[in-house]
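# generate a structure from the sequence data that follows.
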Amino acid sequence: MTTAALPTLAPHPDRLFPADPAATAVARTVYDAVKDAPIISPHGHVDASMIAADEPFPDPAALLITPDHYVLRLLHANGVDLSALGRDPAHTPAGRDIWRQLATHWDDFLGTPVRYWFETELHDVFGLTEAPSTANADAQYDHIASALLEPGFRPRALFDSFGIEVLATTDGPADDLAAHARLAADPTFHGRVVPTFRADAVFDPSRSDWRLVVASIGEAAGIDTGTHDGLLAALRARRQYFIDHGATATDTGVLDAGSTPLSASERERIHAAALRGDVSAADAIAYRHDMLYRWAEMSVDDGLVMQLHPGVIRNHHTPTLERFGPDTGHDLPAVGSFTEPLRPLLESFGTAAGFHLVLFTVDETVFSREIGPLAGFYPAVYAGAPWWFIDTPAAIGRYRSAITDSASFTKTSGFIDDTRAYCSIPARHDMARRADAAYLASLVVTHQISEEDAVHTARRIVSDIPKATFKL
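All right, here's what the predicted structure looks like:
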């Protein structure tokens, strides 16, 4: 009896390119011009302390599965409890057992970008030639675990081998940024890791942690946040602290993009009520909308790029939140809206010199209806790349079609990998470069642009455009 051969793991050289031979040839030319270009990653969630410490990764599962909510949500959707994936503080399974869950459910990822990224990183980074399966799970785990012990697989060595030029992290408003300072002062590290100021909790006084976060910001800044004016002063001080440590952007996730400002007396009234713990739902919404307006006001003053991604319902499943905490796969999309909600903010700041507002969405219907047209008029507005639920090859093509009609290429963000999964960074950027090459090739073969324009634009998309948009 012969044993069936295991499926191979060999990504096709023309993956994501058009099927038409003429378009394929153009896509190859465009992709070849950018495939080895340095990675600019202006929006991500890798921990700077991991790179600063430069310690070996603990095991394959802790590196590739447990921190990645993209992977967790699909395994959970297919019946794997999060406790079996290392997300239960009371129960830590062996990394080998977690890896077996991925291998067993490998086919559940078929057709998803997660599987695309995994295939690329397992093959290109770790040299695997077989697709994961129950039959080879232990052997593959041992292969990757052995590799992670080698100096070439430590965080800084991978940073270099991945070709990362700039990596932005996401950091809390009271973070001391010690890891960033350590990297900046280390003459042996030649990369650039910059912090991003994220203070979502301070926008919403109905959050259970709002008072704690407000107090921590005041303590870090050395400014009393018992008044709203005090909070604004503390936030300005913390933003400057981040700028001093290399930050070029903030990142804000709120439920909606409302930006109607309040009077100073109303802001103080709601702030005082929130500190007492008796803020009404309506007042909490009004406060959040005013804070978004104030955030833009601060960006005009200090020059930090303002990233905004409304329309995500956080922690949709309360039992999962209570047991496993946030970022475990149950944040879900809501309907997006920008044009009317942002009008107060854009009336005041949409044409302000130097102000950059990058709009992200998980509702791609707003790309052609709202974000593209906004970016096509307001100097301040940039169309953020497909992100999170829509960072797929097909969605990238739809995004390009929707945005280019109104705003062309220069008013976009460049690709956003938005990841905690360190080893997936090159795979994600390679996917975007291939998808953009396919889109540009479609314009060439329909005689809308020249092949020279396509190559030039591809190079700008991976370098000049993200650097300009994020002031890098």
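# strands along this protein, start to end?
Under the criterion DSSP state E, the chain contains strands at 39-41, 164-168, 192-194, 197-198, 249-252, 305-308, 312-313, 332-333, 357-359, 381-383.
# nearest to residue 428 among those would be which one?
Residue 428 lies closest to strand 39-41 among those, at 9.0 Å (Cβ to Cβ). In short, each C-beta sits where N, CA and C put it, glycine included.
# just checking, what packs against the closest one?
Judged by 3 or more Cβ pairs under 8 Å, 6 or more residues apart in numbering; DSSP states H and E, strand 39-41 is in contact with strand 164-168, helix 425-445.
# now mean pLDDT, distance to residue 271 and mean neighbour count too, for those, in a markdown table please.
Below are these laid out as a markdown table (pLDDT from 0 to 100; distance: least, Cβ to Cβ, whole Å; neighbours: other Cβ atoms under 10 Å):
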| stretch | mean pLDDT | distance to residue 271 | mean neighbour count |
| --- | --- | --- | --- |
| strand 164-168 | 98 | 30 | 22 |
| helix 425-445 | 98 | 40 | 23 |
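# residue 319: which of those is closest?
Nearest of these (Cβ to Cβ): helix 425-445, 30.9 Å.
# what angle do strand 164-168 and that closest one make with each other?
110 degrees (axes from the mean of the first three to the mean of the last three Cα atoms, to 10 degrees).
# just how off-centre is helix 425-445 within its chain?
Here helix 425-445 is found 18 Å from its chain centre; the criterion is Cα atoms, centre = their mean, to the nearest Å.
# packing partners of that helix?
Checking 3+ Cβ pairs under 8 Å, 6+ apart, helix 425-445 ends up next to helix 21-34, strand 39-41, helix 113-124, helix 393-407, helix 451-459.
# nearest to residue 182, of the ones you listed?
strand 39-41 (19.5 Å).
# partner strands of the closest one and their direction?
Note on strand 39-41: by DSSP bridges, its sheet partners are strand 164-168 (parallel).
# quick one: the helices in the stretch 101-250 of the chain, in order.
Assigned by DSSP state H, counting those that start in this stretch, the helices in the stretch 101-250 of the chain fall at 113-124, 137-147, 155-161, 178-185, 200-203, 210-221, 228-244.
# next, format these as a markdown table and append mean pLDDT, mean neighbour count and distance to residue 421.
Output for the helices of the stretch 101-250 of the chain, formatted as a markdown table (pLDDT from 0 to 100; neighbours: other Cβ atoms under 10 Å; distance: least, Cβ to Cβ, whole Å):
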| stretch | mean pLDDT | mean neighbour count | distance to residue 421 |
| --- | --- | --- | --- |
| helix 113-124 | 95 | 21 | 8 |
| helix 137-147 | 98 | 17 | 14 |
| helix 155-161 | 98 | 17 | 12 |
| helix 178-185 | 98 | 17 | 19 |
| helix 200-203 | 96 | 20 | 21 |
| helix 210-221 | 98 | 19 | 27 |
| helix 228-244 | 98 | 19 | 24 |
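# which of those sits closest to residue 397?
Between those, helix 113-124 lies closest to residue 397; by Cβ to Cβ that is 12.9 Å.
# chain center to that closest one: distance?
18 Å.
# now what about that helix, what contacts it?
The set of residues external to helix 113-124 that reach it, using Cβ atoms under 8 Å, 6 or more residues apart in numbering, is 9-11, 15, 64, 70-71, 74, 106, 109, 128-129, 131-132, 140, 391-393, 421, 423-424, 426-428, 430-431.
# ditto for stretch 325-332
69, 72-73, 76, 82, 87, 312-317, 320-321.
# sorry, back to before: make a markdown table out of the strands of the chain and add distance to residue 156.
Listed next are the strands of the chain as a markdown table, based on distance: least, Cβ to Cβ, whole Å:
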| stretch | distance to residue 156 |
| --- | --- |
| strand 39-41 | 15 |
| strand 164-168 | 10 |
| strand 192-194 | 10 |
| strand 197-198 | 24 |
| strand 249-252 | 23 |
| strand 305-308 | 26 |
| strand 312-313 | 32 |
| strand 332-333 | 36 |
| strand 357-359 | 29 |
| strand 381-383 | 31 |
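# dump the helices of the stretch 101-250 of the chain into a markdown table; add distance to residue 446 as well.
Compiled in a markdown table, those are given as follows (distance: least, Cβ to Cβ, whole Å):
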| stretch | distance to residue 446 |
| --- | --- |
| helix 113-124 | 26 |
| helix 137-147 | 43 |
| helix 155-161 | 38 |
| helix 178-185 | 46 |
| helix 200-203 | 43 |
| helix 210-221 | 51 |
| helix 228-244 | 45 |
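# from one end of stretch 202-210 to the other, what's the distance?
Counting by Cα to Cα, to the nearest Å, you get 6 Å between the two ends of stretch 202-210.
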